[in-house]
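Novice: Let me see the structure of the following:
(one chain, ligands or ions: 1)
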Amino acid sequence: MDHSFLIKPLLDETYPVIDYGKGIHLFDMDGKKYLDAASGAVTANIGHGVSEIIEAMNEQAKKVSFVYRSQFTSEAAEDLARKMSGMLSGDLNWCFFVNSGSEATETAMKMAIQYWQEKGVQTKTKVLSRWVSYHGITLGALSMSGHTGRRARFVPLLEDFPVINPPYCYRCPYNLEAPNCGYLCAHELETAIKRIGAVQIAAFIAEPVIGAAGGAIAPPKDYYKVIKRICEEHDILFIADEVMTGCGRTGTMLACEQWGISPDIVALGKGMGAGYAPIAAAIATEKVIEPILAGTKLVMSGHTLSANPQACAAALAVLQYLEQNNIIQEVESKGVYLQDQLEKLKALFPFIGDVRGKGLLLGIEFVQDVDSKTPFPRNARITQRIVELAKEKGLLVYPAGAGIDGINGDSIIISPPLTITKIEMDELVHLLKETFGDFLNQLMKGLGEV
Ligand SMILES: Cc1ncc(COP(=O)(O)O)c(C=O)c1O
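Specialist: The predicted structure is shown next:
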């Protein structure tokens, strides 16, 4: 290939060039086939090359690809907002369409601050969050993110928003077991609010299932009920970052539904456009919009490409496809089957510490010693090694962080397209087993220079 000027994740790395995708598979220019067990980055929720979505985008492009949101609206954006409002729980009705998950969480944060301002409260400007979390790479979103590695370079520019422990039962900071733990990690929010002062705090943000920073950490059953109650008692909005978990990934449209709670604002992205178009959203309840509607009427956020008609047409077609093919209804049983198969691998390989997750957002944490849960040394690059070994075998898995300090820990996420069949799940598990077999051989030879 000619010299490349494209900035890729690693500047001097050679990446395969993908020729085309079909269903859960991608094919590179050399004809190598990859089973996409990561949906890219938990994004390609309905698989690759779905003709209904391509046709919908094409039809929209024939009419108009771009209109600017402060001059016009479009049928595609209006229809998408109506569809979303119908599919979401409670009165999460008001959709602000943006282009990435980072923009969605940052817009949610700005909406929360503005909600209080329009009610005449100027002091509530902090958005508290948890450690071992990721809400995006822009500075506002990164300020809310408790992702040690991704914050490190920019710490002087960031707000100190992460304040409490995550619900990380495998490494419970209190050495307790749910549900008899009293949900102490959730109650940390109350302590933090009292120390900082509710009068300073606009909202609390959390990922219902922790993704990139933790490797699919799902909370114990009543965790979010406690969180929601604390938020309500202290006049703090609850923002659910469902960029990774939303649009059916865990078996319901929003993961929050599984714990019987509804956020004041939700951020969606990734699976919303399922990779067919860059689109994301911050969606607010009537309660949040009410004072803004009665006040300035202008939500102070936005991007040139917000509510892009072609991207909206793609997302609308994705939602319709999910509904017409009953895809979300089948996620729970598929997830149970796949998690069972991963548990079987855990019994075979001594470096698997934990298998966890919800629906088709599953995680595997790797440890040096299963009994003590000791992580591998950081510079042994265990996650990267496993991701690379899998890729050689034609299996794509998603690298994630793990460990309570956000530095020492290794995990991968298994998050295939929601359309995956049982036969394909078996193929996935077979490739993963071979990958782990190769890794075990490496381990037995020693980790080399670390
Ligand atoms: C939970 C969550 N929120 C926000 C983001 C940021 O989304 P994006 O990469 O589209 O900006 C991500 C990305 O991984 C995410 O997992």
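Novice: Where do the helices of the stretch 301-450 of the chain begin and end?
Specialist: Using DSSP state H, counting those that start in this stretch, the helices of the stretch 301-450 of the chain run over 309-324, 331-348, 382-392, 422-445.
Novice: Measure how the last one sits relative to helix 331-348, angle-wise.
Specialist: In this structure, helix 422-445 runs at an angle of 30 degrees to helix 331-348, with axes from the mean of the first three to the mean of the last three Cα atoms, to 10 degrees as the basis.
Novice: Would you mark the buried spots in helix 422-445?
Specialist: Going by neighbour count (16 or more other Cβ atoms under 10 Å), the buried part of helix 422-445 is 424, 425, 427, 428, 429, 431, 432, 434, 435, 436, 439, 443. Using the backbone N, CA and C atoms, a C-beta is placed for each residue, glycine as well.
Novice: Report the contact partners of the residue nearest the centre of the chain.
Specialist: Per Cα atoms, centre = their mean, the C-alpha nearest to the average position across the chain is that of residue 244, at 2.2 Å. Neighbour list for residue 244: 42, 101, 207, 209, 211, 212, 269, 270, 271, 361 [criterion: Cβ atoms under 8 Å, 6 or more residues apart in numbering].
Novice: That one and residue 272, how far apart?
Specialist: 11 Å (Cβ to Cβ, to the nearest Å).
Novice: Next to the ligand, which bits of the stretch 1-150 of the chain? Give me the list.
Specialist: Applying Cβ under 6 Å from any ligand atom, we find that the stretch 1-150 of the chain lies next to the ligand at 41, 100, 101, 102, 105, 134, 135, 136, 137.
Novice: And the furthest pair within the buried residues of helix 422-445?
Specialist: Maximum pairwise distance in the buried residues of helix 422-445, criterion Cβ to Cβ, is 28.4 Å, between 424 and 443.
Novice: which other residues reach whatever helix or strand residue 239 lives in?
Specialist: Assigned by DSSP states H and E, residue 239 belongs to strand 237-241. Residues from elsewhere that reach strand 237-241 (Cβ under 8 Å, 6+ apart): 101, 105, 108-109, 112, 115, 127, 133, 135, 202-208, 227-228, 231, 254-256, 261, 263-267, 288.
Novice: Now it: average pLDDT?
Specialist: Averaged across strand 237-241, the pLDDT comes to 98.
Novice: looking at this, residue 21 is in a helix?
Specialist: No - Residue 21 is assigned strand when assessed by DSSP: H, G, I helix; E, B strand; the rest coil, not a helix.
Novice: For the closest residue to it other than its chain neighbours, which residues count as its bridge partners?
Specialist: Of all residues beyond its chain neighbours, the one nearest residue 21 is residue 48 (2.7 Å), with distances taken as Cβ to Cβ, 6 or more residues apart in numbering. Following DSSP bridges, residue 48 is listed with bridge partners residue 23.
Novice: Relative to the ligand, how far out is residue 48?
Specialist: For residue 48, the distance to the ligand equals 18 Å [Cβ to the nearest ligand atom, to the nearest Å].
Novice: Tell me who's in contact with that residue.
Specialist: Listed by Cβ under 8 Å, 6+ apart, the contact set of residue 48 reads 20, 21, 22, 23, 24, 25, 26, 36, 275, 417.
Novice: Enumerate every residue touching the residue of the stretch 1-150 of the chain found nearest the ligand.
Specialist: Residue of the stretch 1-150 of the chain nearest the ligand, by Cβ to the nearest ligand atom: residue 101 (2.2 Å). By Cβ under 8 Å, 6+ apart, the contact list for residue 101 reads 135, 136, 141, 241, 243, 244, 267, 269, 270, 280.
Novice: pLDDT wise, what is residue 4 at?
Specialist: Predicted confidence (pLDDT) for residue 4: 89.
Novice: ok but it is inside a strand, no?
Specialist: No - with three-state DSSP as the criterion, residue 4 is coil rather than part of a strand.
Novice: begin at 293 from here
Specialist: Noted, 293 is the first residue going forward, which turns the last one into residue 296.
Novice: Count residues in the vicinity of it, would you?
Specialist: Residues within reach of residue 296, counting by other Cβ atoms under 10 Å, total 10.
Novice: what's near enough to touch it?
Specialist: Not one residue lies near residue 296 by Cβ under 8 Å, 6+ apart.
Novice: same check, this time on the one 4 residues further on
Specialist: Listed by Cβ under 8 Å, 6+ apart, the contact set of residue 300 reads residue 307.
Novice: rerun at 10 Å
Specialist: The contact partners of residue 300, taken as Cβ atoms under 10 Å, 6 or more residues apart in numbering, are 306, 307.
Novice: Spell out the secondary structure type for it.
Specialist: coil.
Novice: where does the residue lying closest to residue 320 once chain neighbours are set aside land in three-state SS?
Specialist: Nearest residue to residue 320, sequence neighbours excluded (Cβ to Cβ, 6+ apart): residue 308, at 4.1 Å. Three-state call for residue 308 (three-state DSSP): coil.
Novice: isn't residue 308 right next to residue 325, touching?
Specialist: No - the pair residue 308 / residue 325 is not scored as a contact, 11.2 Å apart, by Cβ atoms under 10 Å.
Novice: Would you mind listing the residues touching both of these two?
Specialist: The contact sets of residue 308 and residue 325 overlap at 318, 319 (Cβ under 10 Å, 6+ apart).
Novice: neighbour-wise, which of the two wins?
Specialist: Shown here are residue 308 and residue 325; by other Cβ under 10 Å, residue 308 has more neighbours (13 against 10).
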